[in-house]
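J.: Here you go, sequence then predicted model.
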Amino acid sequence: MSYQTYTTEAIVCGTFNRNTADRSYLLFTREAGMLYAAARSVREERSRQRMALQDFSLVRVSLIRGKSSWKIGSIEPRTNFFSTAHTKEARGSVVVLTKFLRRFYGGEQPLVELFDYLKEALRLLATDLKTRDELEKIIQARLLYELGYVDVKVLPPMVLGDIGSLNQIALDPSLLAAITPLIDKAVALSHL
């Protein structure tokens, strides 16, 4: 019996040790959504996959759907947002955004636009920014909108814009006043 292989981009959102040398990974994939995938003997020093499958890494991965779970085949590393971050604050932003995604998104539902937006947002947050806290809030509000937690009617138009334009514009303090209660309410109501 042959199993189908899927090759896709993924962001490593978490790792969980299993047995002596195995590890499970929480992957946010472009075509399959958020899923757990297992890798065998990846914690051994001789493993070639060990360095590519670090938390906060962007990878191109081949996934094999087994009877009851996903297995990791080959890995092609792209970048690690945490290690490429320039400052302590930038690394903190990468961690906060990844944990935020883990908190609100589960299941194998593909959201291609959300994946592309998150990838660009992590790239942006890994750089030096003057308005880091404000950009984090805007990105979190956009994630909540894409996941269906926030209605489009209550969001300022800037939140729904392109991620590349966020760094060039001057942020209005009233924008944060409108976004922060939405995020706080979603966090208070979240099931985790």
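T.: Structure received. Numbering: from 1, shown residues only.

J.: Okay, and R103 sits in which element?
T.: Using DSSP states H and E, R103 maps to helix 88-104.

J.: where does the protein have low pLDDT?
T.: For the chain, the stretches flagged by pLDDT under 70 are 1-2, 42-48, 50, 164-172, 191-192.

J.: hang on, the earlier thing: what's the helix holding R103 in contact with?
T.: Contacts with helix 88-104, where a contact means C-beta atoms under 8 Å, 6 or more residues apart in numbering, come from 11, 13-14, 26, 28, 34, 55-56, 81-82, 85, 118, 121-122, 125-129, 132, 136, 139-140, 143-144, 147, 149, 186-187, 190, 192. Heads up, the C-betas are built off the backbone N, CA and C, glycines and all.

J.: how far out from the middle of the chain is the helix or strand just after that helix?
T.: Scanning the chain past helix 88-104 towards its C-terminal end, the next helix or strand to appear is helix 112-125 (assignment: DSSP H and E). Its chain's average C-alpha position is 8 Å from that of helix 112-125, according to C-alpha atoms, centre = their mean, to the nearest Å.

J.: Show me what helix 112-125 packs onto, helices and strands only.
T.: Counting contacts by 3 or more C-beta pairs under 8 Å, 6 or more residues apart in numbering; DSSP states H and E, helix 112-125 packs against strand 5-18, strand 22-29, helix 81-84, helix 88-104, helix 132-146, helix 163-166.

J.: in it, what counts as buried?
T.: Buried residues in helix 112-125, counted by 16 or more other C-beta atoms under 10 Å: 114-115, 117-119, 121-125.

J.: Check stretch 23-34 too.
T.: Along stretch 23-34, the positions that meet the burial threshold by neighbour count (16+ other C-beta under 10 Å) are 23-30, 32-34.

J.: Kindly report the same for stretch 76-85.
T.: Under the neighbour-count criterion of 16+ other C-beta under 10 Å, stretch 76-85 has 80-82, 84-85 buried.

J.: a markdown table for the buried residues of helix 112-125, including distance to V154?
T.: Conversion of these to a markdown table gives the following (distance: C-beta to C-beta, whole Å):
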| residue | distance to V154 |
| --- | --- |
| L114 | 19 |
| F115 | 24 |
| Y117 | 19 |
| L118 | 21 |
| K119 | 26 |
| A121 | 20 |
| L122 | 25 |
| R123 | 27 |
| L124 | 24 |
| L125 | 24 |
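
J.: wait, which of these is closest to K67?
T.: F115 (26.5 Å; C-beta to C-beta).

J.: Pull the contacting residues for that closest one.
T.: The contact partners of F115, by C-beta under 8 Å, 6+ apart, come to 9, 11, 28-30.

J.: M34 versus I138, what's the distance?
T.: I138 sits at a distance of 22 Å from M34 (criterion: C-beta to C-beta, to the nearest Å).

J.: S41 versus T20, what's the distance?
T.: Relative to S41, T20 is positioned 9 Å away (C-beta to C-beta).

J.: for L63, that is, sorry about that
T.: Distance, L63 to S41, using C-beta to C-beta: 17 Å.
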